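# how does the following fold in three dimensions:
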Amino acid sequence: MRMGKLVWIASYPKSGNTWMRAFLHNYIRRPDAPYDINSLTDLTASDVNAERFQRYDPRPPSQYTVADVQRMRPLVHRDLMALDSTLVFVKTHNARLVIEGAPLITPEVTAGAIYIVRDPRDVAVSYSRHRGRSIDDTIAFMAAPDAATGGSDSRIHERLSSWSVHVMSWTARPEPRVRVVRYETLLEAPETTFGSQIRWLGDDPLPERLSRAVQFSRFEELRAQEQAKGFKERVAESTAPFFGKGQAGTWRTVLTPAQQARIEHDHGPMMRRFGYL
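Next comes the predicted model:
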């Protein structure tokens, strides 16, 4: 059986990863109605799905150490290649780091990545709702070099590191195999920006097909679906909807001056690099 290589849909949490996945499903599958948000694993696998690791260690995944996970991670990434004979899209919030002697993103099975970056001030607002924690707690989490999620029976360990380290790990040097896109650019010019992702993947987007996929992936549509039937990727700790308004600059009316200053102090160099300061 011929196996495809992995294309990572990568980002720090609450930076547009799910939006990108929704677009890809609506563009590639060409549905007659907007694609079901609870079926976004049809084309984009998740690298934290604990069931895939139990093939190599049948214990409850919550018992795995980080070293256990890292030992199995390249084996699971190899397994993901069998999902398709061409390219396999994989969602990840992992930084591109080496942990316990093994990379979080296995180079040998990687064809490329689409990396989405978003203003960390807006990330802090959105991520605090998603985590069910205060904005101050979330700002501290975003600055922690050892920040991680997962470690449950359904989600294995996921190493984010700080927002700045996360972004740097994926974008430190220009790479043809890593397509970097600003969340804000997706908002400003969705058809142009999403269309460029399709070209990068090797296809010329058809205008009508592209426009339809963008419409089917609008935040209003994603939010309406969540309100109607829920979204299984929303974390249990939060009572807030997963999909917010999808706007840029919300931080201006939410963060206190002290909170803004702390984020800018923690992440100033990377924010300047991407035009946020």
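
# which residues of the chain fall in helices?
Along the chain, counting by DSSP state H, helices occupy 17-29, 50-53, 66-80, 120-131, 135-142, 163-171, 183-188, 190-200, 207-216, 219-229, 257-273.

# could you dump the ones you listed into CSV and include distance to residue 88, mean neighbour count and mean pLDDT?
C-beta coordinates here come from the backbone N, C-alpha and C atoms, glycine included. CSV is the format used below for the helices of the chain (distance: least, Cβ to Cβ, whole Å; neighbours: other Cβ atoms under 10 Å; pLDDT from 0 to 100):
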stretch, distance to residue 88, mean neighbour count, mean pLDDT
helix 17-29, 12, 22, 91
helix 50-53, 13, 19, 96
helix 66-80, 6, 18, 97
helix 120-131, 26, 23, 94
helix 135-142, 29, 19, 98
helix 163-171, 18, 22, 98
helix 183-188, 23, 18, 94
helix 190-200, 16, 17, 92
helix 207-216, 20, 16, 93
helix 219-229, 23, 15, 83
helix 257-273, 29, 15, 98
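
# out of those, nearest to residue 60?
Residue 60 lies closest, by Cβ to Cβ, to one member of the helices of the chain: helix 50-53, at 8.7 Å.

# now do the closest one: which elements does it pack against?
With contacts taken as 3 or more Cβ pairs under 8 Å, 6 or more residues apart in numbering; DSSP states H and E, helix 50-53 sits against helix 66-80.

# pull the residues that contact the helix it packs on.
6, 45, 47, 52-53, 55-57, 88, 90, 99-104, 106, 108-109, 156-157 (Cβ atoms under 8 Å, 6 or more residues apart in numbering).

# among those, which are located in strands?
Assigned to strands by DSSP state E, the following of the contacts of helix 66-80 qualify: 6, 45, 88, 90, 99, 102-103.

# neighbour-wise, which of those residues leads?
With neighbours defined as other Cβ atoms under 10 Å, the most crowded of the ones in strands among the contacts of helix 66-80 is residue 6; it has 26 neighbours.

# you'd agree it is up against residue 111?
Yes - with contact defined as Cβ atoms under 8 Å, residue 6 counts as touching residue 111 (6.2 Å).

# overlap in contacts of those two?
With Cβ under 8 Å, 6+ apart as the test, residue 6 and residue 111 both reach residue 87.

# isn't residue 229 up against residue 38?
Yes - between residue 229 and residue 38 there is a contact under Cβ under 8 Å: 7.0 Å.

# my guess is residue 15 meets residue 114, correct?
No - Residue 15 is beyond contact range of residue 114, at 11.5 Å (criterion: Cβ under 8 Å).

# more neighbours, those two?
residue 15 (26 against 23).

# the more buried one - nearest residue in space that isn't next to it in sequence?
Once flanking residues are discounted, residue 15 sits nearest to residue 118: 3.9 Å by Cβ to Cβ, 6 or more residues apart in numbering.

# burial measure for that neighbour, as a count.
Count around residue 118 with other Cβ under 10 Å applied: 26.

# quick one: residues contacting it.
11-12, 14-16, 182-184.

# do residue 156 as well
Counted by Cβ under 8 Å, 6+ apart, residue 156 has contacts 48-50, 53, 61, 64, 69, 150.

# if we can go back for a sec, now, which of the contacts of residue 118 sits nearest residue 165?
Looking across those and measuring by Cβ to Cβ, the closest to residue 165 is residue 12, at 9.9 Å.

# please tell me how far the residue nearest to residue 83 when sequence neighbours are not counted sits from residue 7.
Distances taken as Cβ to Cβ, 6+ apart put residue 45 closest to residue 83, at 6.1 Å, once the chain neighbours are dropped. From residue 45 across to residue 7, the span is 11 Å (Cβ to Cβ, to the nearest Å).

# ends of stretch 202-221, what's the gap?
28 Å (Cα to Cα, to the nearest Å).

# before we move on, what about stretch 99-111?
Where stretch 99-111 begins and where it ends lie 21 Å apart, using Cα to Cα.
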